[in-house]
Every structure is written in structure tokens, then in C-alpha cells.
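Q: Give me a model of this one.
(chains A and B)
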Amino acid sequence: MSWFAQLFSRRRRYDDLSVSIGEHIAERAEELMESGTPRAQAEQTARREFGNVGLIEQRSRELWQRPTTESLLADVRFALRQLIKSPGFTATAVITLALGIAVNATMFSLVSAFLLPHLPGRDSKSLVVVSSVNPDARFQADTNPVSPPNYAAWENDTRVFSAMTAADEYRNGSLSGSGQQPESILYAAVSANYFSVFGVNPQLGRAFLAGEDQQGHDHVVILSHGLWERRFGSDPTIVGHTVHFNREEYVVAGVMPADFRLLGFPPQLWTPLTLTAADHTPSGRKNRSLYLFARLAPGITFNQARAQLNTLAQQAQQDFPDTEKRWGASIRTLPDFLIHNFNIGTALAVIMTVVGFVLVIACANVAGLLLTRAVGRQKELAIRMSLGASRFRVVRQLVTEGLLIALFGGGIGLLLTYFGIQFMRAGLSFNDGISAVPVTLDTNVLLFAAVISLVSAILSSVAPALKASHAAINTELKNETRSASSGREHNRLRVVLVGGEIALAMFLLIGSCLLICGVYVLDHQKLGFNHDHLLTAGIGLDQARYVDASRQNQFVRNLIAQLQPIPGVKGVTIASDLPASGLGNVAIHIEGQQESRSNEQNTAADVIVTSDYFQVVGVPILSGRAFNDRDDATAPRVVVVNQQFVHKYFQDRDPVGKQIQLDIPKVPPAWSQIVGVVADVKSYSEDPRYEPEVYEFYDQRPVASFSLMLRSTVDPTSLTPALRHTVAQLDSELPLLRVMSMDGVIDLQRNGNPLFSKLLATFAIFALVLSAIGIYGLIAYSVGQRTHEIGIRLALGAKVSDISRMILRDGFKVAAIGSAIGFVMALPLPKVFDSIFEGLLPFGSPAVYPIVLAVMLIVVFCATFGPAQRATRVDPTTALRNE
Amino acid sequence: MAKDPDRRDLFSGALDLMILHSLRVKPMHGYALAKHIKQASDDLLQIEEGSLYPALQRLLKEGLLESEAGISAKGRPTRIYRLTASGARHLEREVASFEKMHTGITRVLAVARA
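A: Numbering: from 1, shown residues only, chains lettered A, B, ... in the order given. So this is what the prediction gives:
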């Protein structure tokens, strides 16, 4: 019989036993009565002969018991009773832990979703991603996409890679037809073997066939599950139908399953990637747009692959110094690449550290509570030990209580986590890459919650239990708690705990405030242009209808002319990229300046604008002139530069009239004259620095994809219908991308910064409140313990104000030491943050330190004030009589 | 933690042996069993109740006995203990080993007396 079944059949066994024994005694008594003994005496004799019924029953029952399980169960039952007996204590401890566990588990759900990313397909962990290393990039230089010629060269090195595939990930296309509004969607152009390298088959239809990446055969698409559901109503017969995409007919070849997704790459459909002869020319080397996914050849280690790749990159540097100089190659495993590229790790690490500290503070609080309780139960424990309970047994009993508290805390914490995750999901929609990742209460999170519950149980209960069990039996039993100073001895551990809490809280507060200030400054920095009352929209002119530059130019002229008269529109302009929303960098050469004194390439952010851009966007012209109609396609090339450009490349001397040359892929190099200097505009709203910028003139260098900007006198978004209508009149199949106000664009670029700040602030305040509760508990408890002492002091003539000062001083002593430690711990934080945020956050706020210190002291004062007041109300006569 | 100080006057396993053997003859309830052993041994062996009931429970637990609700000779409800198949096998083994031991001890004693 299994012990488990025995556990349940036991009650019957016990009953059987009682019946047997009862009958035994009764029968013996009857026998005696038959031989003439009176009933009363017979029964007594029968009992005496039988012996100790209770003992025998007990001994018989023990055979059915499993001592360890039984005593554990007894411990649990006893602990439960103890906890129920003091609901106030239990509730405080459980809720404290529940909150600590909930914030940790909620934040861990993000870690689970983003840092333990879901990988599609077969054996995807062994996939590698090959990138270029951009010598001029400031951030994530080694995740740069790769040019087609390098792709061809590296793919051919079959000694290293058994299979390689390329994806041009961030393409915008327009999907129209079936009576719906043309819709701009993100798509990826991928090599024909893309899906087979991942080892994933479409859910419907087929993957791309070899040869479909050749021009003329490439009009096939594979839909993502999301697009298929949303746009095509999960039509099971979709395969073989045509869709109207980028103004042409594409045949749907397949639909991918829902779980085929890569962190940070959310394309809605895939087309074949067609690489032409032009892509493989030396100038195609500047067109670095391909993400390469590969499998290593059998027997090749990761390090061998890296070494070989470096050799190949050096070869390319030697063969094509113009384009490949200083460019390197890097290789990462797929999960490593995705996490690194997605770049959410730093923020998550900071947040996890913060919530980890919050949990430690919560544990310290619970430990403090348990300690107080253990002191109150000293006598009970002493009695148990004097009756023979081992120290281990007593510690186990106390730890069981801690475990139970953690268990309840974990349970409630998990419930709170569920809501926390709902909340996080609502907050995590600031970009497509983020919102494509499902954040759920998965097994990782459950496991994590269980582990931290266990850890917090151990953290919070072991020290108090060990301390309590150390009590000397004799003194405890004799001691009638009449000693006035016994409190101090017991309190030492609590003082350490609370001091530690305050140190941690101080550290957290300073760290969070530094980060929040940094984020605030970043999000509120001057961008250098007038960003309110500006409506923006992206437009991508397709090759099919806008074959050449003159057609594109014509469209832009018409568009501006038609938009201008709309009521509420003050000005219209276009730019290749929106200001402060991330500009591409180009290499530049300056006439008369020695090339590369150092090994460094001169670069500048490059943007192409129409003539009234500066006026519409609100960028002042500092010297020279803006573009005008005489600078047409046939006139000499002209550019405008910003102040930072002048500062960096002309040492602040007037550059007007000087010639520079821009190094642009697929554009024949030509010298351009600088005609004007404009004020600095941030090239990215979340970059604290200004970059050198070059403005080109749209008429001289038209581009197919650009952003439209309308300066309005009314709420900019109210112009959206008029804008859509005008564009539809010019071209009914042209989709508008992301029609939104400039302020909206900047909000999006904050990329979760406000959420990050809010979370940090919440957790830091949480830590502050917890440590305030901690110090309140400590002082209130010691006042309670010292009632007797205070009574004596008062009776001997101490003034009420002396008493309250004494209590406050006790509180402040702990707070001062804790704060000082936290303060010193926090001193190197700005440097640490600078290095982990790669200088991306401005930290010029030493004022944070004294402010946080002041706040901490005020909070400590408030927390100790109540108990101090209570101490002054001690009535000497009652205090002395009492006990 | 079943300590068995109460069996010190019998060699280990002797009580089990007698219980099993008695019950093979006839299923009995506790009191009858105690009486049976006492009578069968001509009052030479007094079984203490303090040993009998724990021993019964142990044999139940090991699956050598089973118990069922029954009526005692006096018409009161009690539990009748019965030997199981595995109890019978166990008894045979124990009897065999007991006899061997008994022979051995007797021989040693015989030598000593000589």
C-alpha cells in the first residue's frame, strides 16, 4: 500500500483499533463478572490488566505513521494556528511579501518575453547571424546589415556555412485592393531559402521555390499569420489567389504559422529578395541592407567561423578600400543577436535590479516582524526546548511559519502579477517590435515566482529563527521580563535590518531619481525646431508608377500645390526624413582638407528637403541662404549645413562658398557648394548631442520615399481627412504611412521612456514606504518594550520632551547610518549609468543627492514621530505597576 | 519510531509467529487471540496487551493479516483478524527458520549439559 493511501485509510485503522481494544476490555470484564466479581470491580480489574489504553493505542497507531511527514504536517498545522491567531501580523507580512513578489514576477514576465526570446523552427539556437561592423556608428555598431556583394561572398564560403539566407527586413509596401483603403505595411524581402534555413514550413501553401528570387518570377508573397487573420479573415483558400501589392499582382504562395516571429522583426509579409547585377557591383557595397542568417557547416565551431569571417572581411577591405575601409564583420548566435539588436536588456536589467532590491527590503521587513514575534514567544520556545524539543525542531517550526507566509505571499503575489502583466501589456505598445511580443504569465514566470517566494521565506525567517532558538532556557524561564534594557539586546538584529533597508532604499531612490531626471531631461530637451502644430505623413513612391526622378519631382510639386490652399494649412514641405527622428549618416569629403588625418571618416547626417523646409519647420538660417528655385536639377549642386557641422569641420569659420562631396550609395559623386548655415536640430530626439548635418535640395536629388509636413494653424490631426482626400485625388492607390502629429512621432520615439520612468518611480517610492514601515515598526516596538524604562525615567523627573527626543534620536541614529551607507553606495552611480547607457542619458544632476537625503530624513521623522509621541503619553504609575 | 521494549522477554519474531500460527487455525478477534495463546501454552506464555495490539497493527501494515468487522462471542461488534495468503507464506518460512534455530539451540544446550 502506498504511504499516500495509508495516510487516508488511517482513520479507519484507528477506529478498528479502538473497537478491538474496547471489546477486549469488555469481554475480560464480563469474564470476571461471570466468576462472581461485582461489575464495577470487574471493569476496573479488566482495565488494570490491560494496561495503559492510551499508550497502547498510541503505540499501535504509530505503526501507521510516517514520522517526518507527520511532524511536518503538525508543524504546518501549528504554524497555521499561530498565524491565524495574530491576523494583523500575518496580513502585514503576507501583503509585504506579496507586493515584493508581484513586482518581481511582473517584471520578470518582460525578461521572459524579451530576453528568453521565442525562437521559431527547428534547432534555431544553432543559427547564427552575420553582420557588418560599422566603424562610424556610435551605437550597436556590430549589428549593421550587410551589402549584397558581401552576402554573395560569404554565402559561397561553404567551408564555414552550410546554409545562409538574407533578409532585407524593414521595407514598406502598400497593400490595396478588395475594396479596402490602401494600407502601408512593413514587409521583408528574403532569399528563396529563408524559411528552409529556419526549418519552418508554412501553415498553408508552400515556402518560396528556388528561382523565385529571380526577376520575373518574384511576384509571390507569403503572408504572416497576423496579416492573414486581419486582412484576409483567415481565408483557408487564400493560397493561389492574387493580392494587389505595391501596385502589382502577387500570388499568395503560403501563410506562415502564428509562432513564426523573430524578436524585433515584425514583417507582415515576405516577398522574394531579388538581387540584380547592379547590386553586385562595387557601388552595391554601400547598400548595406541585408540581415544574414546562417547555419555553420558541420564540424565548424563558432570561433572558427568568427576567425574565417574576419579573414573574409579583411580580404574585402583590401580589395575594395573605397567602400570597405575599416568595415568589419561580426557573428552572433541567433538569440544573442536578437536580444542585442533589440536593445531592451539594459532597461530590463536596471528594472530587475530595482525590484530585486525592493524584494530584499520587503524580506527585511518581514524578518523584522518575525523577529519581534520571536521575542514575544521566547518563553513558549524556551518551554518547548526544556521539554526536549531540539533546536533544529524549534528552528524548523519557525521556518515553517516563514514558509507559510511566503507561500501565501507568493499566491497573492501571483494573483497581483496577473494584473501587473495586464497593465504592462497596455503600457508596452510604444512600437511594433514591442507589441509583437506576447507578454504572458508563462511557466518561466511561475517558476521564477516560486523560486523567489522560497528565497524570500529563507531570507526572512532563518535569521530570526536561529536567533530565537539561541535563547538560554534557564534565563528565559526565570526571567520575568522585568529587565528594563532587555529590549536593546533583542533589537540589535532589527537595527541592522532596518539600517540595511534604509541604505538600500536610499541607494534605490538616488539611482531612480538620477535615471528619471536623465530621462526627463532627454525627453524635454530642445529639439531645435518648432514641433507643435505640425502634421506628418510618410509617402513611398513606387517604381511602377514613378519611374524616374522627373515623375517623382512632378508628384511632389503637385502635392504641395494642392495641399497649400487647404484652410488651416500655413505651409507644406517635404523631407527625406522627419527632423529629430533618426537620420542616415553619409561619409563626406571637404575640399581642400586632408583626408583622414586620423583613421576616422568624416560623416554627417544627411537630409533632403524642399525649398521652404526651414521656414515651415522653424529652423533659423544663421548665414547665407536657403534653397531657391534657381537651384534646379541642371544648376550646380548646393547644400546647407548646420552649426555643428561648421563647428566640427570648419572650426566655426564661415563655410559659405566652400565645396563638399557626399558619399551616397548609387549616386555618382559630385561636389556641392555650401550656400547657407542653419541652426542645429537634433537628428534624433532621444540623443542628447547634436550631430553635423547636411541638407540637400529635393529638386536636385529627388528620392522616392519621404515625409510630408504640414504646418497648421489648427490642431494638426484635424487636417488628416483633408490630407488623405488630396493624396487620393492625385493617386488613389498611394498609401500614407503613419499620419500623425510631429509631437506624436516624438512621443513614439521616447520608446517607453515614460513607462520606464514611471516604473522606476513606483518601485523607488515602494522601497521608501517599505523602509518607512520598517523603521516605524522598529521604533514602535522598542517604545513598547521600554515602557517600563520610560515610566521610571518619568517618575524620576525626566521631562516629556526629553523622552520624545530620546526616541526620535534612536530612530535617527539608525536612519543616519543607513542613509550614509546608501549615500556612499550611490556615489559612483552616474559613472555606472554613463557606461551602461553608453552616454545616452544626460546626468548633470548632483542636486539629486541632497534632495533624496532630505526626503529620507523627513520620512524617517514622520515614521518615528508617532511612536515618540506615544512614549510621552506613558503614565509612570501604570507603567511601573503593569507587568 | 516503534521501539519495542515490551518484547524483551520473548525472542524477536516469537510473538508474530504465535499470532500468525493461531490465526491460521481460525480467524479471531483480539481478546480471543490473547486467550488462545495463553491457553494453548498452558499459561506458560502470558501475552501482554501492550505488545499484542502494536504487533497486530504491524502485521496488518505488512499485509500479513487483514481485519474485518465481526461480532464477538458475546455479540459485541469487534474486529476479526485473518491470515492473508502472504501471511501464510510468511508463517511457513518463519516456522521453518524457527525450527532450525530451535534445533540448533537444543543441540548446543545438550552439549553443554553433557
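Q: just checking, A:Glu57 touches A:Ser18?
A: Yes - the criterion here is C-beta atoms under 8 Å, and A:Glu57 meets it with A:Ser18 at 6.8 Å. For the C-beta atoms, the positions are set from N, CA and C on the backbone; glycine is no exception.
Q: Comparing these two, which shows the higher neighbour count?
A: Legend: neighbour count by other C-beta atoms under 10 Å in any protein chain shown for A:Glu57 and A:Ser18, higher for A:Glu57 (18 against 15).
Q: Next up, phi/psi of the residue nearest the centre of chain B, please.
A: What sits nearest the mean C-alpha location of chain B, by C-alpha atoms, centre = their mean, is B:Ile19, with 2.1 Å. Per-residue torsions, B:Ile19: phi -60, psi -50 (degrees, to the nearest 10).
Q: Partner strands of the strand or helix carrying A:Tyr187 and their direction?
A: Per DSSP states H and E, A:Tyr187 falls inside strand A:180-190. Strand A:180-190 pairs in its sheet with strand A:161-177 (antiparallel), strand A:269-272 (parallel), by DSSP bridges.
Q: Let me know which of those is the nearest to A:Leu446.
A: When those are ranked by proximity to A:Leu446, the top entry is strand A:161-177, at 33.4 Å, counting by C-beta to C-beta.
Q: Report the distance from that closest one to the chain centre.
A: Centroid separation for strand A:161-177 versus its chain: 28 Å, with C-alpha atoms, centre = their mean, to the nearest Å.
Q: May I see the buried residues of it?
A: Using 16 or more other C-beta atoms under 10 Å in any protein chain shown as the test for burial, strand A:161-177 gives A:161, A:164-169, A:171-176.
Q: Let me have it in CSV, keeping just the CA atoms, if that works.
A: Output of strand A:161-177 as CSV, limited to C-alpha atoms (Å, rounded to 0.1, in the frame of the first residue of the first chain):
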residue,chain,number,x,y,z
PHE,A,161,28.4,28.0,-43.6
SER,A,162,26.3,25.1,-44.7
ALA,A,163,23.5,27.4,-45.5
MET,A,164,23.0,31.1,-45.5
THR,A,165,20.0,33.3,-46.2
ALA,A,166,19.4,37.0,-46.4
ALA,A,167,16.5,39.2,-45.4
ASP,A,168,16.0,42.9,-46.2
GLU,A,169,13.8,43.5,-43.2
TYR,A,170,12.4,46.9,-42.9
ARG,A,171,10.7,47.6,-46.2
ASN,A,172,7.4,49.5,-46.5
GLY,A,173,4.9,48.4,-49.1
SER,A,174,1.3,49.2,-49.9
LEU,A,175,-1.4,46.6,-49.9
SER,A,176,-4.5,47.5,-51.7
GLY,A,177,-7.5,46.0,-53.5
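Q: same question for stretch A:46-55, mean pLDDT?
A: Mean per-residue pLDDT for stretch A:46-55: 82.
Q: same thing with stretch B:103-113?
A: 83.
Q: And the next helix or strand past the helix or strand of chain A with the lowest mean pLDDT?
A: Of all helical and strand segments in chain A, the minimum by mean pLDDT, DSSP states H and E falls on helix A:473-478, at a mean of 56. Toward the C-terminus, helix A:473-478 is succeeded by helix A:486-523 as the next helix or strand (DSSP H and E).
Q: which ones are touching A:Pro149?
A: Contacts for A:Pro149 (C-beta atoms under 8 Å, 6 or more residues apart in numbering or on different chains) come out as A:279-282, A:284-285.
Q: quick one: which of the strands paired with strand A:180-190 has the weakest pLDDT on average?
A: strand A:161-177 (a mean of 87).
Q: pLDDT score assigned to A:Gly844?
A: For A:Gly844, pLDDT reads 62.
Q: A:Ile779 too?
A: A:Ile779 carries a pLDDT score of 84 in this model.
Q: for A:Val769, same thing?
A: Predicted confidence (pLDDT) for A:Val769: 89.
Q: Out of the strands paired with strand A:180-190, which is closest to A:His647?
A: Distance to A:His647, taken as C-beta to C-beta, is lowest for strand A:161-177 among the strands paired with strand A:180-190, at 32.2 Å.
Q: Sketch out the low-pLDDT regions of the stretch 151-300 of chain A for me.
A: Applying pLDDT under 70 to the stretch 151-300 of chain A picks out residues A:178-180.
Q: Strands of that one, start to end?
A: For the stretch 151-300 of chain A, the strands defined by DSSP state E, counting those that start in this stretch occupy A:161-177, A:180-190, A:204-205, A:220-223, A:242-245, A:248-255, A:269-272, A:291-296.
Q: before we move on, back to that, could I get the strand holding A:Tyr187 in PDB with only the CA atoms?
A: Provided in PDB are the C-alpha atoms of strand A:180-190 (Å, rounded to 0.1, in the frame of the first residue of the first chain):
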ATOM      1  CA  GLN A 180     -10.200  48.400 -48.900                       C
ATOM      2  CA  GLN A 181      -8.200  51.500 -48.300                       C
ATOM      3  CA  PRO A 182      -4.600  51.100 -49.500                       C
ATOM      4  CA  GLU A 183      -2.600  50.100 -46.400                       C
ATOM      5  CA  SER A 184       1.100  50.600 -45.800                       C
ATOM      6  CA  ILE A 185       2.700  47.500 -44.300                       C
ATOM      7  CA  LEU A 186       6.100  46.500 -43.100                       C
ATOM      8  CA  TYR A 187       7.500  43.600 -45.100                       C
ATOM      9  CA  ALA A 188      10.700  41.700 -45.700                       C
ATOM     10  CA  ALA A 189      12.300  40.600 -48.900                       C
ATOM     11  CA  VAL A 190      14.000  37.300 -48.300                       C
END
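Q: residues in contact with that strand?
A: Outside strand A:180-190, the residues that touch it by C-beta under 8 Å, 6+ apart are A:165-176, A:208, A:227, A:231, A:265-274, A:432, A:538, A:540, A:732-738.
Q: Up against chain B, what does the stretch 601-750 of chain A have?
A: The stretch 601-750 of chain A comes close to chain B at no residue, as judged by C-beta under 8 Å from any C-beta of the partner chain.
Q: now the helices for the stretch 601-750 of chain A?
A: Assigned by DSSP state H, counting those that start in this stretch, the helices in the stretch 601-750 of chain A fall at A:613-617, A:643-649, A:720-730, A:742-749.
Q: same question, the stretch 101-250 of chain A
A: Here the stretch 101-250 of chain A has its helices, by DSSP H, counting those that start in this stretch, at A:148-156, A:194-198, A:225-232.
Q: got the angle between the last one and strand A:248-255?
A: Just to be clear, that refers to helix A:225-232. Helix A:225-232 and strand A:248-255 are oriented at 130 degrees to each other (axes from the mean of the first three to the mean of the last three C-alpha atoms, to 10 degrees).
Q: What is the burial count for A:Asn104?
A: Using other C-beta under 10 Å, A:Asn104 has 25 neighbouring residues.
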